[in-house]
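# Turn this into a model:
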Amino acid sequence: MRVAWLGGRTISKTDPCAGRRHARMLRNVTVALLLLTPHAQGQTLRGRILDSVTREPVMLAYVGLVTDGESMAVAGLADTEGRFEVRAPDAGDYLVYISRTGYETLMDGVFALGPDGVLDVQIGLRPIPVELEEIVVEADRGPMSLLERNGFYDRAIGGRGVFMVREEIERVAIDRVTDVFRRIPLLDVVESRPLTGGPQVFQNPELRVVRNGQYCSPTLYIDRHVVNSGSLGSVRPDDYVTATEIDAIEVYTRPSEVPVGFDELNNCGVVLIWTRSR
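Below is the predicted model of the structure:
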């Protein structure tokens with residue numbers, strides 16, 4: 001096993017190329033690289049995110065791997081202890097992207113991820129100082145966000161279903177809400193747009209779940225309210241909300257994934273959309 005420390009004043013001499021490969025990280029990230037084999041780095045990037053000042057864990061940070069072309073390859077959420085694990089879809093060079101409210105957004109690297117193994121890192125996020133006028137505070141804690149009140153982060157940490165937060169939604173929702181769903185397994189986006197005439201010319205794309213080799217329509221919730229049970233088909237999220245209004249999305253295509261309190265009324269999976277203002 002080899003261990004290289006980056007981000008301090010020295011770099012391990014066992015890896016003469018480390019200085020060039022990681023020079024972009026030296027200004028704000030301390031990384032401990034644990035290479036499980038002497039000749040290949042790991043395809044899975046895992047580690048812990050800490051407050052660079054207090055050294056306390058930064059909980060529920062958004063973590064992603066970005067290709068050299070600045071495309072997000074994979075993303076997820078850190079848990080309440082700041083731990084995360086993301087697996088690159090292919091071997092190659094990646095930047096790590098980390099975002100959390102109250103901290104400076106970080107995108108640094110490069111990490112060369114090979115075909116197997118694990119690369120362990122420890123990353124410090126710099127808090128953003130906030131200047132406030134002197135006020136009198138009478139409450140112990142402000143109100144929880146809509147996502148916190150409705151258990152979004154707990155479900156995301158649990159790992160069932162597919163979860164997307166605002167940063168990723170803004171990146172992939174180019175024209176419509178349905179752009180977000182195009183790469184989700186077992187979910188299909190159908191654009192029924194005849195070339196001439198008919199009432200469907202102006203309809204938005206439809207969501208369908210692939211279950212048992214057939215297509216069916218999922219139950220669509222917006223902020224805990226059922227807006228389309230899927231029983232009549234044609235579940236079109238763009239009919240109800242725009243991409244700029246969305247704070248987070250959850251998708252459950254398998255019966256075993258559907259969380260308690262959100263029934264799949266059409267026995268065809270559940271899509272949950274959480275908005276910023278409703």
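# Got the phi and psi for Asp158?
To be clear, residue 158 is Gly; Asp isn't right here. Note on Gly158: its backbone torsions stand at phi -60, psi -30 [degrees, to the nearest 10].
# what about it, neighbour count?
13 (other Cβ atoms under 10 Å). (Glycine included, C-beta is placed from N, CA and C.)
# For Leu187, see how far away it is.
20 Å (Cβ to Cβ, to the nearest Å).
# From Glu56, how far out is Tyr103?
Remark: distance between Tyr103 and Glu56 (Cβ to Cβ) = 12 Å.
# Rounded mean pLDDT for the helix or strand where Glu250 lies, please.
In the assignment (DSSP states H and E), Glu250 maps to strand 246-252. Across strand 246-252, the average pLDDT comes to 92.
# Which elements pack onto the strand or helix carrying Val121?
Val121 belongs to strand 118-125 when assigned by DSSP H and E. Helices and strands touching strand 118-125, by 3 or more Cβ pairs under 8 Å, 6 or more residues apart in numbering; DSSP states H and E, are strand 31-35, strand 44-51, strand 92-99, strand 106-113.
# about what we covered before: walk me through which strands the strand holding Glu250 pairs with, and which way each runs.
strand 162-165 (antiparallel), strand 270-275 (antiparallel) (DSSP bridges).
# Those strands: lowest mean pLDDT?
When the strands paired with strand 246-252 are compared by mean pLDDT, strand 162-165 comes last with a mean of 88.
# if we can go back for a sec, could you save the helices and strands packed on strand 118-125 as TSV and add columns showing mean neighbour count, distance to Val210 and mean pLDDT?
Shown next, in TSV, are these (neighbours: other Cβ atoms under 10 Å; distance: least, Cβ to Cβ, whole Å; pLDDT from 0 to 100):
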stretch	mean neighbour count	distance to Val210	mean pLDDT
strand 31-35	19	39	35
strand 44-51	19	28	90
strand 92-99	19	29	87
strand 106-113	20	30	77
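# Please identify which of these is closest to Asp154.
In terms of Cβ to Cβ, the element of the helices and strands packed on strand 118-125 nearest to Asp154 is strand 44-51, at 18.4 Å.
# Which elements pack onto that closest one?
When contacts are defined as 3+ Cβ pairs under 8 Å, 6+ apart, strand 44-51 sits against strand 83-87, strand 92-99, strand 106-113, strand 118-125.
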